[in-house]
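**Q** Sharing a sequence plus its predicted fold:
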Amino acid sequence: MAPTSPGHPRRSARQTRTTSIGRFPAGLLLLGALLAGCSDDKEAAGQSPAGASQAPQVEVVTVTASDVPLTTELPGRTRAYQIAEVRPQVGGIIESRDFKEGSDVEEGQALYHIDARTYRADVASAKASLARAEASLHTSNLQAKRFKQLVARKMVSQQNYDDAVATVGEGRADVASAKASLTSAQINLDYSVVTSPISGRIGKSSVTKGALVTASQDTSLATVQQLDPIYIDVTQSASEVLRLKRELAENRDASAAPEQAPVELVMEDGSVYAAKGKLQFADVSVDEGTGMVTLRALFPNEDELLLPGMFVRARLTEAVAKDAILVPQKAVSRDNQGNANVMVVNAESKVEAKQVVIGQAIDNQWLVTSGLNSGDKVIVSGLQKIKPGAAVQIANSEESVEQNTSAQPSATEDDSSENDQAKAGNNQ
């Protein structure tokens, strides 16, 4: 063991180890405090803008009031604009069929020829009767003129003259009758050529060459239909008509659709017909069996895509809601009582819940009849992150840009803050 100096008492190894161990943690604590101070300053400087941007972002739709047409979709069938069943007006044997089945025919075009020999003979007979009547009238006129001169000289009796005058009258009547008979015979002769009563498309023929037909028979020879334009007959329940009339009477902000309002047509496969039609009329009575009212619309059909009897759906404009407001359906929720509600962003950029009354659905929107005003900002996205009274940022408008700009410091301010913190750490 080494000797100890009188002025310095000897320390044991245990004491030396204890002092060294006690100094080491103190140094660590001092260094840790300095680092923690720098870290706290940096976090405090960095949290200022982060805290300001904690408000959730939402997307809004600014609603505006406008006139909105109220439509309804009704089932219906296509009907030919004109339809005519071709029937013979005289009897006889069909000599020829002069059209192609399924083709377009014009009004007055010859369709069938009936054996006309008897009708031509009737015309000839009527002409002969007319000639005989005219000759007899001429003779009667001459005799009446002679008797007029003789009766003045007392050479014939007045009775004879009166009979001659009466004979002239009978002759004139005979001529008129003969002319009428000739006209009738000529008409029957003309009827031996069966013509199309209207322009349109003709269907199949029910008779062929050689068939015997009679005047005004029950079975038609063929049917002609005009397809351009074409009618669409739709049906609506009487209760719906009554409901609409009551709503129009109670709602001052709605008006009935104008006459001949446009009608949109939905085909059986779901496609929309290119051209729009016009409402022509609504039936004045209700069908007793079905309780339905028939409405008729007129559509152009130049390419003849629509054929009679097709099932279609017509979208009709029933009324026009004045100064109406539409909101996306996804913006509307319902509470436990079933009331419709929307969330709006007020002037203070805070969420406000509004209870609304909604009407019918128009595409993917609801018609709001009360509860909203024009200019309200309705939240349509981010609803799961908000609650009434919470501050929000509008993400899809110029207002959101202004909010973000005021909430975030500039890059120069961030750099200056970091430099100050670095200098303070070096001095320590």
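**A** The structure has been received and is ready for your questions.
**Q** CA only for contacts and neighbour counts going forward, please
**A** OK.
**Q** Tell me where the stretch 1-150 of the chain has strands.
**A** With strands called from DSSP state E, counting those that start in this stretch, the stretch 1-150 of the chain shows them at 57-62, 66-86, 92-97, 104-105, 110-114.
**Q** Can you give me the domain assignment for this protein?
**A** 57-69+324-407, 116-191 (automatic domain parsing).
**Q** export those to TSV and tack on mean pLDDT?
**A** Formatted as TSV, the domains of the chain follow (pLDDT from 0 to 100):
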stretch	mean pLDDT
domain 57-69+324-407	83
domain 116-191	92
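**Q** quick one: contacts for the closest residue to Lys330 other than its chain neighbours?
**A** Nearest residue to Lys330, sequence neighbours excluded (Cα to Cα, 6 or more residues apart in numbering): Val380, at 6.5 Å. Residues in contact with Val380, defined by Cα atoms under 8 Å, 6 or more residues apart in numbering, are 58-61, 328, 330-331.
**Q** Could you find which two of those residues are furthest from each other?
**A** For the contacts of Val380, the farthest-apart pair by Cα to Cα is Val58 and Pro328; their separation is 14.8 Å.
**Q** that older thread, any chance of the strands of the stretch 1-150 of the chain in a markdown table with mean neighbour count as columns?
**A** Below are these laid out as a markdown table (neighbours: other Cα atoms under 10 Å):
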| stretch | mean neighbour count |
| --- | --- |
| strand 57-62 | 19 |
| strand 66-86 | 18 |
| strand 92-97 | 18 |
| strand 104-105 | 19 |
| strand 110-114 | 21 |
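**Q** Which among these is found nearest to Gly291?
**A** Among the strands of the stretch 1-150 of the chain, strand 66-86 sits nearest to Gly291 (Cα to Cα), with 14.7 Å.
**Q** Report all helices and strands that the closest one contacts.
**A** strand 222-237, strand 311-328 (3 or more Cα pairs under 8 Å, 6 or more residues apart in numbering; DSSP states H and E).
**Q** Mind putting those into JSON lines with distance to Val345?
**A** JSON lines is the format used below for those (distance: least, Cα to Cα, whole Å):
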{"stretch": "strand 222-237", "distance to Val345": "42"}
{"stretch": "strand 311-328", "distance to Val345": "14"}
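**Q** Deepest in the core, which of those is it.
**A** strand 222-237 (a mean of 22; mean count of other Cα atoms under 10 Å).
**Q** Quick one: mean pLDDT over that one.
**A** Average pLDDT, strand 222-237: 93.
**Q** What pairs with it, parallel or antiparallel?
**A** strand 66-86 (antiparallel), strand 200-202 (antiparallel), strand 292-299 (antiparallel) (DSSP bridges).
**Q** now for these, which one comes closest to Leu137?
**A** Among these, strand 66-86 sits nearest to Leu137 (Cα to Cα), with 42.4 Å.
**Q** Quick check: the residue most central in space within the chain vs Lys179, distance?
**A** Residue closest to the average C-alpha location in the chain (Cα atoms, centre = their mean): Glu264, at 3.1 Å. As judged by Cα to Cα, to the nearest Å, Glu264 and Lys179 stand 57 Å apart.
**Q** Please enumerate the helices of the stretch 301-428 of the chain.
**A** Secondary structure of the stretch 301-428 of the chain by DSSP state H, counting those that start in this stretch: the helices cover 398-407, 411-427.
**Q** Helices of the stretch 51-200 of the chain, start to end?
**A** Using DSSP H, counting those that start in this stretch, helices in the stretch 51-200 of the chain cover 117-152, 158-191.
**Q** Give me the packing partners of the last one, helices and strands only.
**A** If contacts are counted by 3+ Cα pairs under 8 Å, 6+ apart, helix 158-191 sits against helix 117-152.
**Q** mind redoing it with 10 Å?
**A** If contacts are counted by 3 or more Cα pairs under 10 Å, 6 or more residues apart in numbering; DSSP states H and E, helix 158-191 sits against strand 110-114, helix 117-152.
**Q** May I see the buried residues of the longest one?
**A** To tie it back to what came earlier, the one meant is helix 117-152. 119-120, 122-123, 125-127, 129-130, 132-134, 136-137, 140-141, 143-144, 147-148 (16 or more other Cα atoms under 10 Å).
**Q** now that helix against strand 92-97, angle please.
**A** 120 degrees (axes from the mean of the first three to the mean of the last three Cα atoms, to 10 degrees).
**Q** what's the angle between helix 117-152 and helix 158-191?
**A** 160 degrees.
**Q** elements contacting helix 117-152?
**A** So helix 117-152, by 3+ Cα pairs under 10 Å, 6+ apart, packs with helix 158-191.
**Q** got the angle between the helix it packs on and strand 110-114?
**A** 120 degrees.
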